[in-house]
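Kindly return the folded structure for what I paste below:
(3 chains)
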Amino acid sequence: MSIESFLQTLVYGVFVGGIYGIAAMGLALVFGVLKMLNIAHGELVMLGGYASFWAFSTLGMDPFASLVIVIPALFIVGLALDRTVYRHIVRLLGEEKIKNSLLVSFGLTLVLQNLAQWLFTADERAIQVAYAGEGLNLMGVTMPYTRLGSLLIALLVTLGLNYFLHHTYPGKAILATAEDFEAAELAGINIHRVYMMTFALGAALASIAGTFVTVTYGLSPSIGIIWTLKALIVIVLAGTGSILGAFPAGILLGIVEAVSGAFIGATYREVIGLVIFLLVLILRPQGLFVGKN
Amino acid sequence: MGKFLGINHLNASYGDLQALWGVSLKINEGEIVALIGPNGAGKTTLLRTIAGLHKPTSGTVQLGDTALHALPAYRIVEQGVILVPEGRKLFGSLSVLDNLELGAYTQRARGVRFKTLQHVFELFPLLAERQKQRANTMSGGQQQMLAIGRALMGLPRLLMLDEPSLGLAPMLVQNIFEIIKLMNERGVTIFLVEQNARQALELAHRAYILEQGKVVGTGTGRELLHNNEVRQAYLGFAPTTG
Amino acid sequence: MQEITLTQRTKNSFHRWLVPAWIIILILLAVFIPQQVDKQNVWNLFFLICLHISLAQSWNILAGFAGQNSLGHAAFFGIGAWVTRTLWFHGTPFVLAFISGGLAAVVFAMLIGAPTFRLRGAYFAIGTLGVAEVLRITASQNFPLISTMSGSMIATYNLSARYYLALGLAMATTGAAYILLRSPWSLGILAVREDEEAAQATGVHVLRHKLLALSLSSFFAGLAGGVFAFQQISYYPSAPFSPLWTFDSLLITFIGGLGTLAGPLIGAIFFVVVREQLAVNLVEFHQVIFGILFILIVLVFPGGLVEAWERISKSFKRK
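Down below sits the predicted model:
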């Protein structure tokens, strides 16, 4: 394999990894703060993708520009889901909470997936922007504008999230609630509001990933579980306490998948991620990025 | 001076295990009231229930006219009832400054938090020095100061402390009790749960004794200090013959 | 939490015979109705019900009785189907292929059992899901072509035989669950479900009990896969590995009542019948409705239909 094609593979791995990272951060937020596992997270990615597709096909908006609509839309969906479903579970404790959140979110996947199928049919959709084929060419490596744009925005969002969580009052309240929700209550923080906002934020992040997915790959109602699994793999790699660590972990997964796919063959590329996931779960459950946050 | 905090026939349980049995007590504005009693008596449960972390099965907690027992915890903090919990429960991964700032999260305290911060730094110069330090890298005594400082940031009218002296060196304990006295002189009502019964009773205007979830005695600090049974049970005196 | 009453409450000899009478009536109905009506869609309906009973009950053994909420159940279903189909198509007598399918599933379960049982709660759930997905992707990549019965197989296809096999399996799975609950291991298994650490502290060998539940669960799920492979004229080898089979088992068990013997039975009947009805009228919506129903059950009625029935019958007895 030539240096050039290796670099190309690497770069594509990074591009994909950026999407993985954004998708995973949303789930990591929800898991870290609400201490619940939302199996329907992939469905939120899918819905975000459909929102941007709708904006593109009906309003003619460029997908990156449509984020202005997609993000608030999914934010509201997240608020609604928390209000109707998840707030009943967030009051439970420990094992029961996790078990119930798994079950409820599983029910939600049925609902959301089939709602999407009813609204958009099972056909695969994709966004073909005018500049789809164009891109930069550095040292023999092609970097399509669509993928470059996704990665750039993903990076910006991550930096923004970092700033928000660590340097703003509401962001610190979220981190505080994640660390010790009773202490947060005693400080006068309305933790149920925090839960609701955090869940909505997770949905918004998912929608960003969904937009990128629609531009990069294609969309159908059934991709939900694939993205939930990807997000889960990344979270386990990063360590379940780490919210921002999910982004570099996503990049890592993207690179590992791309490189191993090039050497072992595309058939096993999907499996590689899952196998690593299982190994990390069993052998090093605290994740690979312990200490980073 | 009307009733400030009134607790009436409060019952609380953990599942099937009842922890508080018809507890009634009152705290008047401006007082320091101590709550002493053996381990497992329910003192922490009582404070947590007042603070809204735990829902009582029956009974009332009133702050003046406001019923606290029906409110969520953050509302109770808004009313000015603030708990410094047992074990401190700081936000370990956040800085000292962040911890203090978060203490002022309520609307009432938020606007003036920078001024309050200066007051807290005057009281605890050590916290000013270590503003940027991560909370979980500090010693026990420093963490206790931070916990109290965080509570003060919320502008408490009633400050509740659960075992503030636990695990601390005597000089630090002295320091903390002095600060509690100082806060009281500045107008903060204090409800203090303490293992260190002597110091608590010396400091307090009045006190209650809680045993097995029931109030078994009350009196002024001085009365209880000189009460034989209290001396034997909680102050380490040998039983007197005759 | 469902309580398993290990002793029968007998008020009088009438009550003692009530439950077995119901069972006998149900079995008779199951045996004779399809035969009498003899319409293909009825055979298929009853077949589906029995298949889902087996799959759900086998999941119930692991999740309802032993408390291990696995999301990888489809792995056993898929292995059983694949082994049975492959062996049978290559000339092995069906009965042998069938049993081998079940055994293959157990072997696989025992291999991954010990490491995965080290995971707790959410990690166990997503770990088992991951394992099942690995199998599904591997199967779809390595066996992408549709598997179709040969001409002679189609010519000699006997739908009623398929059905009675499924019925027999449904009865066997439920019977196995029943025997398990009456066995010396039942207390240990239920203890593991309630509180693993407490069970360990009282001397219960936790891993052994989990593996026991797992082996029964995987065996019957594998056999169910064999039944599926026997019945389907053509299908994609990766299809039985789809997580939808796991999810259906979850749905059925929860709707019926997790941790009860009758739960998977009632749930499967409800699920299959309602789904067939809805599929006719509201094609896209039936999954939405099931999803909402599932959420409601988890939030409001965790005991499912069995619990609902018990509450209703109790309120009647009071009158």
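
switch to C-alpha atoms for all contacts and neighbour counts from now on
Will do.

Could you report the neighbour count for residue B:201?
By the criterion of other Cα atoms under 10 Å in any protein chain shown, residue B:201 has 25 neighbours.

Heading C-terminal from the host helix or strand of it, find the next helix or strand.
Element membership for residue B:201 (DSSP states H and E) is helix B:197-203. Sequence-wise, the next helix or strand downstream of helix B:197-203 (DSSP H and E) is strand B:206-211.

Partner strands of that next one, with direction?
Strands adjacent to strand B:206-211 in the sheet, as given by DSSP bridges, are strand B:32-36 (parallel), strand B:214-220 (antiparallel).

From start to finish, how long is stretch A:258-273 in a straight line?
10 Å (Cα to Cα, to the nearest Å).

Tell me the buried residues in it?
Buried residues in stretch A:258-273, counted by 16 or more other Cα atoms under 10 Å in any protein chain shown: A:258, A:259, A:260, A:261, A:262, A:268, A:269, A:270, A:271, A:272, A:273.

Which members of the residues you listed are positioned in helices?
Judged by DSSP state H, these include A:258, A:259, A:260, A:261, A:262, A:269, A:270, A:271, A:272, A:273 as members of helices.

check those residues against chain C, which are close?
Restricting these to those adjacent to chain C (criterion: Cα under 8 Å from any Cα of the partner chain) gives A:270, A:271.

Go through the strands paired with strand B:206-211 and pick out the most buried.
Ranked by mean neighbour count, these are led by strand B:32-36 with a mean of 27 (mean count of other Cα atoms under 10 Å in any protein chain shown).

Show me what secondary structure element comes after that one.
helix B:43-51.

That next one close to chain A?
Yes - residues of helix B:43-51 contacting chain A under Cα under 8 Å from any Cα: residue B:51.

Quick one: mean pLDDT for that helix?
Computed over helix B:43-51, the mean pLDDT rounds to 94.

for stretch C:295-310, same thing?
Regarding stretch C:295-310, the rounded mean pLDDT is 78.

Provide the count of other residues in contact range of residue C:200.
When neighbours are counted by other Cα under 10 Å, residue C:200 comes out with 15.

Show residues contacting the helix or strand hosting it.
Using DSSP H and E, the element containing residue C:200 is helix C:196-201. With contacts defined as Cα atoms under 8 Å, 6 or more residues apart in numbering or on different chains, helix C:196-201 is touched by C:188, C:191, C:192, C:206.

from those residues, which is closest to residue A:225?
For the contacts of helix C:196-201, the closest approach to residue A:225 (Cα to Cα) belongs to residue C:192, at 30.1 Å.

hang on, the earlier thing: turn the strands paired with strand B:206-211 into TSV, including mean pLDDT.
Output for those, formatted as TSV (pLDDT from 0 to 100):
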stretch	mean pLDDT
strand B:32-36	93
strand B:214-220	90
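
can you map out the helices along chain A?
Under DSSP H, chain A gives helices at A:3-34, A:41-59, A:63-84, A:94-120, A:145-167, A:169-179, A:181-186, A:191-216, A:224-238, A:246-264, A:269-283.

ok, and the closest non-adjacent residue to residue C:162?
residue C:231 (6.1 Å; Cα to Cα, 6 or more residues apart in numbering or on different chains).

What count of nearby residues applies to residue 221?
Defaulting to chain A. By other Cα under 10 Å, neighbour count at residue A:221 equals 25.

Correction: the question concerned chain C.
The number of residues packed near residue C:221 is 35, by other Cα under 10 Å.
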